[in-house]
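Participant: Need a 3D model of the sequence below.
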Amino acid sequence: MTARRDFLKATALGTAGLIFKPVLSFAKQSQEFAPVEINNPVVLSTWNFGIKANEEAWKILKGGGNSLDAVEAGVKVVEADPQERSVGFGGRPDRDGHVTLDACIMDWLSNIGSVACLEHIMHPVSVARAVMEKSPHVMLVGEGALDFAISQGFEKMNLLTPESESEWKEWLKTSEYIPKVNIENHDTIGMLAIDSDGNISGACTTSGMAFKMHGRVGDSPIIGAGLYVDNEVGAAVATGHGEEVIRVAGSHLVVELMRNGSNPQKACEKAVELIYKKIVLRKKSPSDIQIGFLALNKKGETGSFCLQKGFNYAICDSTGNILKDSLSLI
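Facilitator: A predicted model of the protein is given here:
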């Protein structure tokens with residue numbers, strides 16, 4: 001009987017130990033993984049025109065609005081400005097004189113919408129959102145995208161301003177297609193935002209490379225290349241020569257690098273390094289190409305990196321709205 005009591009006592013203590021150990025382990029983990037400080041809302045966008053785009057987006061974010069509304073409103077500022085010759089109204093045309101626009105948008109629920117090679121509509125980002133919310137598809141292109149936009153009440157207009165037309169006619173004298181590497185010849189307004197609820201969205205819109213072949217589409221309207229959002233991890237947006245971004249599904253790559261432990265800055269750096277290696281492997285000159293990434297994670301941390309000097313970006317939070325020069329690989 002004594003032996004039986006000792007056995008039961010020992011068993012009870014052993015079982016108690018088994019039950020208690022996970023509690024101790026959980027308590028230890030709770031201390032090690034205490035909540036970290038989160039910076040939100042935050043909005044960041046590509047190039048110097050990102051300052052005015054951020055200002056519009058911030059009006060929504062500071063009032064408690066959501067990130068999707070913020071990024072759409074922000075990039076529309078640049079789309080509507082005829083002085084910004086690489087986006088929207090007043091954008092430089094293709095070699096046939098057509099202003100063709102590309103855009104996409106993505107929210108925290110992985111809802112996506114995109115348009116490519118769209119003509120005659122000032123705000124392709126809003127058409128992309130309409131594709132997302134009012135069609136069974138995620139991407140419409142060319143005449144189909146235009147027909148859809150008109151059916152949704154968008155106004156058809158001439159996007160070729162006298163200034164852009166004059167530049168195109170001057171270009172026709174030589175018809176040399178030698179894109180400059182930074183904003184002077186082409187580029188994208190890409191915007192990422194995290195709102196006060198911690199939800200992330202992004203938008204990307206461009207008129208593409210000046211004097212491109214008619215029908216050319218870059219990375220900007222392609223989800224996973226020009227833009228990608230994963231609300232559990234973060235988001236990324238790309239700018240520069242879209243063909244190079246497409247080769248590596250660049251924005252998706254940046255987000256996956258963050259998922260695997262890289263902070264936003266390091267993720268952008270690794271993505272640019274990979275693109276550089278592929279350029280060299282194809283025996284192309286990196287000095288003729290520009291690629292830049294912006295990234296944002298769930299903590300509100302940001303990062304930026306580009307292939308060569310010349311890329312800048314704007315970032316806005318409760319401390320202000322400032323323009324920064326991106327670090328570069330070469």
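
Participant: quick check, Cys104 in a helix?
Facilitator: No - assessed with DSSP: H, G, I helix; E, B strand; the rest coil, Cys104 is strand; it does not lie in a helix.

Participant: Contacts only, for it.
Facilitator: Neighbouring residues of Cys104 by CB atoms under 8 Å, 6 or more residues apart in numbering: 112-115, 125, 128, 139, 203-205, 220-223, 226-227. Glycine gets a C-beta too; all of them are placed from N, C-alpha and C.

Participant: partner residues bridging it?
Facilitator: For Cys104, the beta-bridge partners under DSSP bridges are Ser114, Cys204.

Participant: I'd like to check what contacts the host helix or strand of Cys117. Which residues are they?
Facilitator: Using DSSP states H and E, Cys117 maps to strand 112-118. The contact list for strand 112-118 (CB under 8 Å, 6+ apart) reads 100-106, 124, 127-133, 135, 138-142, 145-146, 149, 215, 217, 221-223.

Participant: Counting neighbours, what do you get for Ser251?
Facilitator: If you count neighbours by other CB atoms under 10 Å, Ser251 ends up with 31.

Participant: need the next SSE after the host helix or strand of it, C-terminal direction.
Facilitator: Element membership of Ser251, judged by DSSP H and E, is helix 250-259. Sequence-wise, the next helix or strand downstream of helix 250-259 (DSSP H and E) is helix 264-281.

Participant: Listing partners with orientation, what would you give for the following helix or strand past that following helix?
Facilitator: The element immediately downstream of helix 264-281 (helix or strand, assigned by DSSP H and E) is strand 291-297. Strand 291-297 has the following sheet partners, assigned by DSSP bridges: strand 234-240 (antiparallel), strand 302-306 (antiparallel).

Participant: export the longest one as CSV, just CAs?
Facilitator: Extracted as CSV, the C-alpha positions of strand 234-240 are listed here (Å, rounded to 0.1, in the frame of the first residue of the first chain):
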residue,chain,number,x,y,z
GLY,A,234,3.8,44.7,-45.4
ALA,A,235,3.9,46.2,-48.9
ALA,A,236,6.3,47.2,-51.6
VAL,A,237,6.1,49.3,-54.7
ALA,A,238,8.6,49.7,-57.6
THR,A,239,9.7,52.4,-60.0
GLY,A,240,12.1,52.7,-62.9
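
Participant: Let me see the mean pLDDT of it.
Facilitator: On average, the pLDDT along strand 234-240 is 97.

Participant: what about the nearest residue to Lys156 once chain neighbours are set aside, neighbour count?
Facilitator: Excluding its sequence neighbours, the residue lying closest to Lys156 (CB to CB, 6 or more residues apart in numbering) is His120, at 4.6 Å. Other residues lying near His120 total 18 when counted by other CB under 10 Å.

Participant: again with Asp102
Facilitator: 29.

Participant: go on, Asn321?
Facilitator: 18.

Participant: try the one 3 residues further on
Facilitator: The tally of other residues near Lys324 (other CB under 10 Å) stands at 14.

Participant: Now it: which helix or strand?
Facilitator: strand 320-325.
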